[in-house]
Every structure is written in C-alpha cells, then in structure tokens.
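Q: Build me a model:
(2 chains)
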Amino acid sequence: MEKNILKVISDEQQEYVINMGPQHPSTHGVLRLVVSLKGETVKSVEPHIGYIHRGIEKMCESITYQQIIHLTDRMDYLSAHINNEAVCLTVEKALEIEIPDRIKVIRTIMSELTRIQSHQLWWASFGMDLGGLTCFFYGLRDREKILDIFEETCGGRMLVSYNCPGGVMYDIHPNFQKRVKEFIKYFRKILPEYDQLLSGNVIFHERSKGIGRLKLEDAISYGITGPSARASGFSCDVRKHEPYSAYDKVNFKEILFTDGDTYHRYVARIDEMWESMNIIEQLIDNIPEGPYAVKMKPVIKLPEGEYYQRVESARGELGVYIISDGNKNPYRVKFRTPSFVNLSVLNEIAKGFKIADLVAIGASLDLVIPDIDR
Amino acid sequence: MDKIQLGEFIKTLDKDLEIKEGKQFTEVMVPPAKLYSLARQLREREESQFDFLFCLSGVDYGPDLGVVYHIRSTRFDHVIVLKTRTSDREHPQLDSVSDIWRTADFHEREVYDLLGIKFANHPDLRRLFLDNSWGFPLRKDYVDDINIVTK
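A: Numbering: from 1, shown residues only, chains lettered A, B, ... in the order given. The predicted structure follows:
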C-alpha cells in the first residue's frame, strides 16, 4: 500500500519563475522580464515587450517627411536630436541636397551635447540601480545645464525637434557659444567627481567587474552596437566608419575595450563623454557663417527608390530605411533602433549570474523602452 | 570588395540570381528557396565574411510580401542587400536565418508580428509586440476603423 509518499524535490529540480516588471524601477520603463531562477541564479531571461508599441512605422506611411521627424523624437527620447538628424540625412541623401558647413557643424555640436546628456542620465540611473542614490542627483543636476542650452536654442528641452530637412529650424541663440563653453569648462571639472563617487568605489567594482561578459563574436552575431559593443572590442562607431555631418573634420578616438563586462561598458560611456567634449571644443569656436537652412519645397517628394542612412545615437547604430514610391508619404519606413537589438542579448549574458547582477547588466546595456517598442 | 566585385562574386556563387546595383548598395534578388544557402555561404566564405546583419525589414510590396536583409562584413566593411519575395499572402513562409546571425531572432519575430510572414526553423516564433487578437498592421490591406483615420 502506498500512501503519504512525499516527493523529495532536490535543489537541482527547483525552478522559480518570477516577473520583473512591467512596473519595476530598474527596467526604466514598461519592460517585463520573465526570469527563471534556481535559487538566486538566473537560468534564463525572457523579455516581453510591446506595452508601449505605438506603431510609429505604420504612422509614418500616412504622413509627410517633415512630420516623421517629430515622431522620431518619441523613439529614443534621450537622443532625440540624433534621431531627427538620421531622418533629415536620409531625406537629404535622397534629394541629393548639398548641406552648407554651418548646418553640419551646428548639428554635430547638438548631437554631441545630446550624447553627453544621455550618458549623464544613464550614469545617474546606473548608480541608482546599484544603490547609490547620490549619483542620481549629480547626474540630473548636470544634465539640466544641457537642457537649458537646448531650451534657449530649440525651444524644447528633451524632445527638441530642432532638425528639419535641409537644415535646422532656427538659427542658434546668440548665447549658444558662450553657454556651451561655460558648460564644457564646468563639466571638465565635474566629470572626475563622477569617478570619485562611483568608478573607484569598491562595492561598485565587486558588482560590475567580470559580470555579464559579452564576447566579441556574440556582440557581432547579436548585432550589438554602441558603447556596449565597443566595450567588447567591436569597432562599430558610425562616426568613424561612415562619417556624416562634420565628424570627418574633427579628431576623436573610438573608445574600445576588450573585456566586455559590465564595468567596461560603464567605463566606455564615461570615456565617451570626454571624447564628446573634445569634439565640441574643436567645433564651438569655428561655426562657419552662412544660412542655417537650405530653402526646400514645402512638399517634399523623394524620388522612387530605397535609401538607408545610419547614425551613431547614444545607444548605438540607428538605421533609417526609407522605401519611396515617389509620393509625399513614404511607402515604408523601417527604423533599426539600437535598444531593440541590444535587448536581444540580455538572456545570453545574464545567464548564470545572480538576480542582483541582472539589474546591473540591464542598466549597463542602457535600454530605453520606447526605442525598443517604437 | 566594391559594388562591382561583389556583384561578380555573387555570380560565382549562383549565376541565376538577379543582381541590381543600387545607388548605395549591391542588391540581390533571391528566390525564397535559395535564401538560406546563399546567406550561409555569404557568412562563411573567406572572401565575403558577412557577419553582421544590421537590418532586417519586412515589406508589403503590394501583391507580394518580402523581406530585406542588410548585411555588412565587419572585416572588409562591405555591404550587401538581399531581397526575397513570396506571393503567398495566406500562408507566407520563408527560411529563418537566426542560426546564421543570432540577431535575426528578434527581427524575424517582429516581421512575423507585424506582417505575418512565418519563418521556418525559427527557435521561438511568437508575436513580439501585439497579442493574437490583432491582424498584421504593416500590411497595406490592414483595416482598423477606430485607430486609422483616412482623409
């Protein structure tokens, strides 16, 4: 007679499945991760996305090219200006318009300011995810200074919509150069403080070194780009490989590491802020005279064909693929957004680490959820 | 390899393929049956080494549905575009390339979600953004009376 047989489940067989998100402070938006755990060790991570999918690609098919620019702000809201620029460059490439140097230089300075403020917010939230709340205040305090510069010149602070096909919306504010120079001077002094606060912290080192290692061949196969890939040694900086705007006129170095762990993804972004400041300093005193926009027809019709343009956004390679049938609306627009692709590697690199490390790894990939969902 | 050399290289792999020199990239029209083997050869051949699939887009071309693959070699920095089409709108099916380039996993799920193209041998083909009650919104014949305003 068999009764009261207790099934003894060994530790090996036990597996918990928990939900991280969609409302979770470390996912920075509505991202849901279904995590399978054995004890505290992550066995697999499955991202569930689409909570804020707005169908931007479908919307683009029924609006004009000038209107598309304002939708791209809402993809990766932290590098809004760079997204705008990508669409403008595609349209200008299709129409074969020659852009004066003044516009190129203004766009490049604005792009680099955007990159700095994006990395500042990333640094702020990265510190906060690991328990250092001070970082959040430091990061946002300094980011505010860039947003003030944006406000003065563009009217908008975060979603600037400053680019338009053929140039920029308005000329730069008379204070622009002065304030940017003030900011650079200020931030050169402040950035070493970031290092004192977080980069040299022993607890931070323990939690980031050797965690979530991404191998070079995996980075390429998964299509990872941006600082996350360059930390693994994948040379993928579009500004170097396929210079657009004024990037062929400035000297800067591509930040490359080989370790590919969370710590090096962190250092890559800190170093990028230094490089961005170098780029701005080379250009800010040499803004050429000239018009701030080329005269364009009010209705833009791209010639029939296909156009692809890639730019380096703060998170990686942003590709804009436009198929035109000659009308004032595009036939098909595809945005190859960096966060969408970078998310796909999360399972690969978080496997085998603790659940607390998953937070650090996720933060080091610098995901922006509207950029994933589009 | 530049654009012309790439075209000639593709001819040596399969001489029946239609090659178009676009303004930006060399474009190859591939029938669905040949897609997987061509992709694998492009990835593995010493001369080409296309190891970085940087964009995969599904397109509704009118009667046909198609997928466009933008592939780059990180070693040689050359780019090629593969285009494939299927005329079956009811049960469109193509071969998955997700075991050649792992990034195709997510991209193919997106194409399946928004255009309804199925990918054979995909490890985990589920809808990505939307739930099953939706149709396939990126198709041109998609109807949504509530959310799409037609002028």
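Q: so for stretch A:27-43, what's the average pLDDT?
A: For stretch A:27-43, the mean pLDDT works out to 85.
Q: Can you list the buried residues in it?
A: A:27-33, A:35, A:37, A:42-43 (16 or more other CB atoms under 10 Å in any protein chain shown). (Glycine included, C-beta is placed from N, CA and C.)
Q: Mind giving me the packing neighbours of the lengthiest helix in chain A?
A: Using DSSP state H, we find that the single longest helix of chain A is helix A:101-129. If you count contacts as 3 or more CB pairs under 8 Å, 6 or more residues apart in numbering or on different chains; DSSP states H and E, helix A:101-129 packs onto helix A:80-95, helix A:133-154, strand A:167-168, helix A:176-194, helix A:262-284, helix A:355-365.
Q: got the contact list for the helix or strand of chain B at the bottom of the mean pLDDT ranking?
A: For chain B, using mean pLDDT, DSSP states H and E, the weakest element among its helices and strands is helix B:3-13, scoring a mean of 75. With contacts defined as CB atoms under 8 Å, 6 or more residues apart in numbering or on different chains, helix B:3-13 is touched by B:1, B:17, B:19, B:21, B:25-26, B:28, B:38, B:41-42, B:45, B:47-48, B:78, B:80.
Q: Could you turn the buried ones of the residues you listed into a ChimeraX selection?
A: To isolate the buried ones among the contacts of helix B:3-13 in ChimeraX, judged by 16+ other CB under 10 Å, type:
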select /B:1,17,25,26,28,38,42,48,78,80
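Q: restrict the contacts of helix B:3-13 to contacts with chain A.
A: Among those, proximity to chain A is found for B:Phe25 (CB under 8 Å from any CB of the partner chain).
Q: Can you tell me which of the contacts of helix B:3-13 end up in helices?
A: Going by DSSP H, the helices hold B:38, B:41-42 from the contacts of helix B:3-13.
Q: Pipe those into a markdown table and attach pLDDT per row.
A: Listed next are the ones in helices among the contacts of helix B:3-13 as a markdown table, based on pLDDT from 0 to 100:
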| residue | pLDDT |
| --- | --- |
| B:Leu38 | 86 |
| B:Gln41 | 85 |
| B:Leu42 | 85 |
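Q: Pick out whichever of the residues you listed sits closest to A:Tyr308.
A: B:Leu42 (18.0 Å; CB to CB).
Q: Skipping its backbone neighbours, what lies nearest that closest one in space?
A: Computed as CB to CB, 6 or more residues apart in numbering or on different chains, the closest residue to B:Leu42 that is not its neighbour in sequence is B:Phe50, at 4.4 Å.
Q: ok, now B:Phe129?
A: Of all residues not flanking B:Phe129 in the chain, A:Gly50 sits nearest, at 3.3 Å (CB to CB, 6+ apart).
Q: Next, work out how far apart that neighbour and A:Asn175 are.
A: For A:Gly50, the distance to A:Asn175 equals 43 Å [CB to CB, to the nearest Å].
Q: between these two, which one's more packed in?
A: A:Gly50 (19 against 12; other CB atoms under 10 Å in any protein chain shown).
Q: Need the residue closest to the centroid of chain A.
A: A:Arg315 (2.5 Å; CA atoms, centre = their mean).
Q: show me the contacts for that residue.
A: A:76, A:79, A:118, A:225-226, A:228, A:338-339, A:342, A:366-368, A:371 are the contacts of A:Arg315 under CB under 8 Å, 6+ apart.
Q: What about these, which are in strands?
A: Of the contacts of A:Arg315, none are assigned to strands by DSSP state E.
Q: and the residue nearest to B:Leu42, how many neighbours does it have?
A: Neighbours around B:Phe50, by other CB under 10 Å: 25.
Q: for A:Val17, same thing?
A: 11.
Q: Show me what the helix or strand where it lies packs onto, helices and strands only.
A: Using DSSP states H and E, A:Val17 sits in strand A:16-20. Contact analysis of strand A:16-20 by 3+ CB pairs under 8 Å, 6+ apart lists strand A:32-38 as its packing neighbours.
Q: list the helices and strands the strand it packs on packs on?
A: Using 3+ CB pairs under 8 Å, 6+ apart, strand A:32-38 sits against strand A:16-20, strand A:41-48, helix A:355-365.
Q: could you redo the last one with a cut-off of 6 Å?
A: strand A:16-20, strand A:41-48 (3 or more CB pairs under 6 Å, 6 or more residues apart in numbering or on different chains; DSSP states H and E).
Q: I'd like these as CSV, with distance to A:Arg207 appended.
A: Formatted as CSV, the helices and strands packed on strand A:32-38 follow (distance: least, CB to CB, whole Å):
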stretch, distance to A:Arg207
strand A:16-20, 17
strand A:41-48, 15
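Q: Is the closest residue to A:Gln282 other than its chain neighbours in a helix, a strand, or coil?
A: Of all residues not flanking A:Gln282 in the chain, A:Val250 sits nearest, at 4.8 Å (CB to CB, 6+ apart). Three-state call for A:Val250 (DSSP: H, G, I helix; E, B strand; the rest coil): coil.
Q: Likewise for A:Glu317?
A: Of the three states, A:Glu317 takes strand according to three-state DSSP.
Q: picking up where we left off before, any idea which of the ones in helices among the contacts of helix B:3-13 is the one closest to chain A?
A: Using CB to the nearest CB, B:Leu42 is the member of these that sits closest to chain A, with 14.2 Å.
Q: before we move on, the earlier item: of the contacts of helix B:3-13, closest to chain A?
A: Closest approach between the contacts of helix B:3-13 and chain A, by CB to the nearest CB: B:Phe25, at 7.2 Å.
Q: how about the closest one, what does it touch?
A: B:79, B:81 (CB atoms under 6 Å, 6 or more residues apart in numbering or on different chains).
Q: What's the separation between it and A:Tyr266?
A: From B:Phe25 to A:Tyr266 the distance is 35 Å (CB to CB).
Q: now do A:Pro165
A: Counting by CB to CB, the gap from A:Pro165 to A:Tyr266 is 37 Å.
Q: Adjacent strands (with direction) for the lowest-mean-pLDDT helix or strand in chain A?
A: Lowest on mean pLDDT, DSSP H and E among the helices and strands of chain A sits strand A:23-24, with a mean of 80. Applying DSSP bridges to the sheet, strand A:23-24 is found paired with strand A:29-30 (antiparallel).
Q: residues making contact with the partner strand?
A: A:22, A:51-52, A:369.
Q: same question, stretch A:37-50
A: Counting by CB under 6 Å, 6+ apart, A:15-16, A:32-36, A:343, A:346-347, A:350, A:353-355, A:358, A:372-373, B:129 sit against stretch A:37-50.
Q: As TSV, the contacts of strand A:29-30 with neighbour count would be great.
A: Listed next are the contacts of strand A:29-30 as TSV, based on neighbours: other CB atoms under 10 Å in any protein chain shown:
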residue	neighbour count
A:Pro22	16
A:Tyr51	16
A:Ile52	16
A:Ile369	20
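Q: need these in TSV with pLDDT, can you?
A: Shown next, in TSV, are the contacts of strand A:29-30 (pLDDT from 0 to 100):
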residue	pLDDT
A:Pro22	84
A:Tyr51	88
A:Ile52	88
A:Ile369	89
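Q: Quickly name whichever of the residues you listed is closest to A:Lys104.
A: With CB to CB as the yardstick, the closest approach to A:Lys104 among the contacts of strand A:29-30 comes from A:Ile369, at 31.5 Å.
Q: give me every residue that touches the closest one.
A: A:29-31.
Q: Can you report how many residues neighbour A:Tyr16?
A: 12.
Q: Buried residues, the longest helix of chain A. List them.
A: Those would be A:102-129, for helix A:101-129 by 16+ other CB under 10 Å.
Q: roughly how far is it from the heart of the chain?
A: 9 Å (CA atoms, centre = their mean, to the nearest Å).
Q: Number of residues surrounding A:Arg54?
A: The burial count for A:Arg54: 14, using other CB under 10 Å.
Q: Quick check: chain neighbours aside, which residue is closest to the residue of the stretch 101-250 of chain A found nearest chain B?
A: Proximity to chain B, evaluated over the stretch 101-250 of chain A using CB to the nearest CB, is greatest for A:Gly223 at 3.4 Å. Spatially, and ignoring its direct neighbours in sequence, A:Gly223 is nearest to B:Thr103 (3.4 Å; CB to CB, 6+ apart).
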